[in-house]
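**Q** sharing a model prediction with you, sequence too.
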Amino acid sequence: MIISLTKDPVTIQKEQDVVLFRNRLKEVAVKIKMGLLNQTRLITASSEIVRNMLRYADGGVGLIEIVSRGRDNGIRLTFTDKGPGIADLTLAMRDGYSTGKSLGLGLPGSKRLVDEFDIKSKLGEGTIVMMLKWTK
Amino acid sequence: MDRIPILRMGSFLLVTIQVDLYDRLALTLEADLVQMVNKTQARGVLIDISAVSIVDSFMGRIIGNIASMSKILDAETVVVGMQPAVAITLIELGLPLKGVHTALDVEKGMRLLTEMIGTEQPEESEDDDYITD
């Protein structure tokens, strides 16, 4: 069972908020003594999702939670936007696929960088991306 | 608007990224650098990212773009000082930065650039363009 210990919502509306979000996430990661490599993986993965949110959904909210499961601590991030939604999630999760002009690495790449990853989307309503990284 | 300074050192351009990049800053750097390569007729570009803790797919792409654009303008690009955690993350993300020369630090990067484009003496500059490694 995963217990949420703290909740810290960060609004993401403009490009500079990406830096703000990364810094906030870094603080939390240092606080729970996450190793540098895992910090880098998680912050990079979150950076991909935050960019998607800004580009396709005009921003949204990133929730930073410290979670624990038994003796393990970790960080769970939940990104919620009210954008147009993703038509085909299977396609969106494929390497090299992009409806924009990007490399199409964002979603599949960030999934590889974290321990748990989940994406839900409804056309016309928005998208929710959850990712979790344990400290060890 | 924020800008990352570009220093000129002989026929090289030197960029040290000391702040966390966001997309527009990276795009401005890309445009500025390519302009500078053209204006100063630089033969080499050295980008120090030792202070950069995060390189995601967008920034990775910008680094690749700078290298490709400079190459077309007859300048070589070397990226130096990448943190090990950043290197591991880039590969796991799926961005191997192919076509970008790298070196461990500024000194080694400078040496690599000098080897690639040769010294300024005109008699050897022609042959040295073909050195690969």
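**A** Cool, the structure landed. Residues are numbered from 1 along each chain as shown, chains lettered A, B, ... in the order given.

**Q** from here on, just use CA atoms for contacts and neighbour counts.
**A** OK.

**Q** does the worst-scoring helix or strand of chain A on mean pLDDT reach chain B?
**A** Within chain A, no helix or strand scores below helix A:89-92, which has a mean of 87 by mean pLDDT, DSSP states H and E. No: interface with chain B: helix A:89-92 contributes nothing (C-alpha under 8 Å from any C-alpha of the partner chain), its closest point being 15.1 Å away.

**Q** how about the next helix or strand after that helix: buried residues?
**A** With elements assigned by DSSP states H and E, the helix or strand that comes after helix A:89-92 is helix A:106-113. Buried residues in helix A:106-113, defined by neighbour count with 16 or more other C-alpha atoms under 10 Å in any protein chain shown: A:Gly106, A:Leu107, A:Pro108, A:Gly109, A:Ser110, A:Lys111, A:Arg112, A:Leu113.

**Q** distance of the closest residue to the first one other than its chain neighbours from A:Leu105?
**A** Put plainly, it is A:Gly106. Leaving aside its chain neighbours, A:Gly106 sits nearest to A:Glu48 (5.1 Å; criterion: C-alpha to C-alpha, 6 or more residues apart in numbering or on different chains). From A:Glu48 over to A:Leu105 the distance is 9 Å, taken as C-alpha to C-alpha, to the nearest Å.

**Q** same question, B:Gly44
**A** 29 Å.

**Q** those two: who's more crowded?
**A** Higher neighbour count among B:Gly44 and A:Leu105: B:Gly44, with 26 against 23, using other C-alpha atoms under 10 Å in any protein chain shown.

**Q** which pLDDT value belongs to that one?
**A** On pLDDT, B:Gly44 comes in at 95.

**Q** ok, now B:Thr132?
**A** 53.

**Q** contacts only, for the residue in chain B that chain A sits nearest to.
**A** Using C-alpha to the nearest C-alpha, the single residue of chain B nearest to chain A is B:Leu93, 4.3 Å away. Going by C-alpha atoms under 8 Å, 6 or more residues apart in numbering or on different chains, B:Leu93 touches A:Leu105, A:Pro108, A:Gly109, A:Ser110, A:Arg112, A:Leu113, B:Ser57.

**Q** between those, which is nearest B:Tyr22?
**A** Checking those against B:Tyr22 by C-alpha to C-alpha gives B:Ser57 as the nearest, at 11.9 Å.

**Q** so who does the one residue in chain A that gets nearest to chain B touch?
**A** At 4.3 Å from chain B, A:Gly109 is the closest residue in chain A, using C-alpha to the nearest C-alpha. Neighbouring residues of A:Gly109 by C-alpha under 8 Å, 6+ apart: A:Ala45, A:Asp95, B:Glu92, B:Leu93, B:Gly94.

**Q** over to A:Asp8?
**A** By C-alpha under 8 Å, 6+ apart, the residues touching A:Asp8 are A:Leu63, A:Ile64, A:Glu65.

**Q** again, but for B:Thr16
**A** Counted by C-alpha under 8 Å, 6+ apart, B:Thr16 has contacts B:Ile4, B:Pro5, B:Ile6, B:Ile47, B:Asp48, B:Ile49.

**Q** at 10 Å instead, please
**A** Neighbour list for B:Thr16: B:4-7, B:46-52, B:80, B:106 [criterion: C-alpha atoms under 10 Å, 6 or more residues apart in numbering or on different chains].
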